[in-house]
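In: Pasting the sequence and the predicted model now:
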Amino acid sequence: MKILITGGAGYIGSTIGSALEDRGHETVVLDSLVVGHRALARNRPFYEGDIADGQLLARIFGEHPDIECAVHCAALISVPESVEHPYDYYVNNVGKTLELFRNLDDLGCRKLVFSSSASVYGEAPGFLVDESAALAPESPYARTKMIVEMLMEDMCKTGDVRGISLRYFNPVGADPELRSGPHGKATGQVLGMLVDVAMGRRPVFNITGTDWPTRDGTGVRDYIHVWDLAQAHVKAIEGFDRVFELAGDRSQGHVVINLGTGLGVTVRELVDAFEKAIGHEIAKADAPPRPGDTAGAYVSGDLAERLLGWRATLSVQQAIVDALRWSKVREEILGD
């Protein structure tokens, strides 16, 4: 199968591309390179441009008429930045996505997989959430994800388009084959920042928020290895029709699925595990929460297992190992 990946030169999109190609699929990348890095899309058909550019999309489909599915990862991704510049986030993450979806429909591409986020959830008792948990996004970034899900739901009710929204928890690590990983533009990736401090690229790691109602006061997160995340996309694409058969009539053409490990790890616990892996402490400091931060949550993954046949298998410790391995080749591959 041939798949279009918007944002396919980014950290997550490029890793999804590798996972798909490992299964024998072909990928085509559309990326503006505002967040992505050209080297992460190497050896793949690549189109630099805006997801809202209808003429560019028409050219892509003219040159690749056998594209059957689109994975939409392209987005601005910084929660604090979204608080400072909400207009940019609504224009890029919502307005341009609406144009993308309309153009994909016109071009006959009616299987969509959307890169959503667990940041759409509010705080839940015990921090455990499933897909029925209340939505209460705390930042413009999170609200853009919720709005796009709503757009997809409305679109899928009225036509031939069907969509799967995958709500990511906290991706960490790197492709175990070291084809992709965090890079300089992926500024909010926590494990990438820890590695940068250890490598001397950053002076200090700030533990933002130390008085949340958690076991050690720092935010609780569900850190999912990015390779596990990529494998879930492979399952969603290969089993696309089956997902809707299993979901039944209640899906109305749109299905939401959480992707996480089901394990809640605090930020301080992640730092401790990282320091244990490298054998020494790093420069770190307690700091106030960033704008848009929340206490966090972790996932109930039953629906992903039932609909996708997928469950996370890689540990946080493995993500740390892979992130450290990636850091040794990152400069050679990316030049940063």
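Out: Nice, I can see it.
In: check contacts around Asp175.
Out: Residues in contact with Asp175, defined by C-beta atoms under 8 Å, 6 or more residues apart in numbering, are Thr15, Ser18, Gly181, Val226, Trp227, Ala230, Asp322, Trp326. In this view, the C-beta of every residue, glycine as well, is placed from N, C-alpha and C.
In: how much space is there between the residue nearest to Pro289 when sequence neighbours are not counted and Thr266?
Out: Sequence neighbours aside, Gly209 is the residue nearest to Pro289 in space, at 3.7 Å (criterion: C-beta to C-beta, 6 or more residues apart in numbering). Applying C-beta to C-beta, to the nearest Å, the value for Gly209 to Thr266 is 10 Å.
In: Mutual contacts of those two, please.
Out: Common neighbours of Gly209 and Thr266 (criterion: C-beta under 8 Å, 6+ apart): Thr218, Gly219.
In: so where's the stretch 101-250 of the chain uncertain?
Out: Within the stretch 101-250 of the chain, the segments meeting pLDDT under 70 span 185-188, 250.
In: Let me see the ranges of the helices in it.
Out: Using DSSP state H, counting those that start in this stretch, the helices of the stretch 101-250 of the chain run over 140-158, 190-198, 226-238, 240-247.
In: Quick one: work out the angle between the first one and helix 240-247.
Out: Helix 140-158 and helix 240-247 are oriented at 80 degrees to each other (axes from the mean of the first three to the mean of the last three C-alpha atoms, to 10 degrees).
In: Contacts only, for Tyr90.
Out: Contacts for Tyr90 (C-beta under 8 Å, 6+ apart) come out as Pro140, Thr144.
In: Would you agree it falls within a strand?
Out: No. Counting by DSSP: H, G, I helix; E, B strand; the rest coil, Tyr90 is not found in a strand; it is helix.
In: per-residue confidence at it?
Out: As predicted, Tyr90 sits at a pLDDT of 98.
In: now do Arg290
Out: 86.
In: what's the offset of stretch 90-109 from the middle of its chain?
Out: 18 Å (C-alpha atoms, centre = their mean, to the nearest Å).
In: Could you list the buried residues of it?
Out: Buried residues in stretch 90-109, counting neighbours by 16 or more other C-beta atoms under 10 Å, are found at Tyr90, Asn92, Asn93, Val94, Lys96, Thr97, Leu100, Phe101, Asn103, Leu104, Leu107, Cys109.
In: For Cys73, see how far away the nearest residue to the third one once chain neighbours are set aside is.
Out: Meaning Asn93. Among residues not flanking Asn93 along the chain, Thr144 sits closest, at 3.7 Å (C-beta to C-beta, 6+ apart). Going from Thr144 to Cys73 by C-beta to C-beta gives 13 Å.
In: buried stuff in stretch 58-65?
Out: Buried residues in stretch 58-65 (16+ other C-beta under 10 Å): Ile60, Phe61.
In: Can I get it in PDB, CA atoms only?
Out: What follows is stretch 58-65 as a C-alpha-only set of coordinates in PDB (Å, rounded to 0.1, in the frame of the first residue of the first chain):
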ATOM      1  CA  ALA A  58      -3.000  17.600  -6.700                       C
ATOM      2  CA  ARG A  59       0.500  17.200  -8.000                       C
ATOM      3  CA  ILE A  60       1.400  14.600  -5.400                       C
ATOM      4  CA  PHE A  61      -1.700  12.600  -6.300                       C
ATOM      5  CA  GLY A  62      -1.000  13.000 -10.000                       C
ATOM      6  CA  GLU A  63       2.400  11.600  -9.500                       C
ATOM      7  CA  HIS A  64       1.300   9.000  -7.000                       C
ATOM      8  CA  PRO A  65      -2.300   8.100  -7.900                       C
END
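In: who touches that stretch?
Out: Defining contact as C-beta under 8 Å, 6+ apart, one finds that stretch 58-65 is touched by Lys2, Leu4, Val28, Leu30, Pro45, Tyr47, Ile67, Asn103, Leu107, Gly108, Cys109.
In: what about the second one, how many neighbours?
Out: To tie it back to what came earlier, the one meant is Leu4. Residues lying near Leu4 (other C-beta atoms under 10 Å) number 25.
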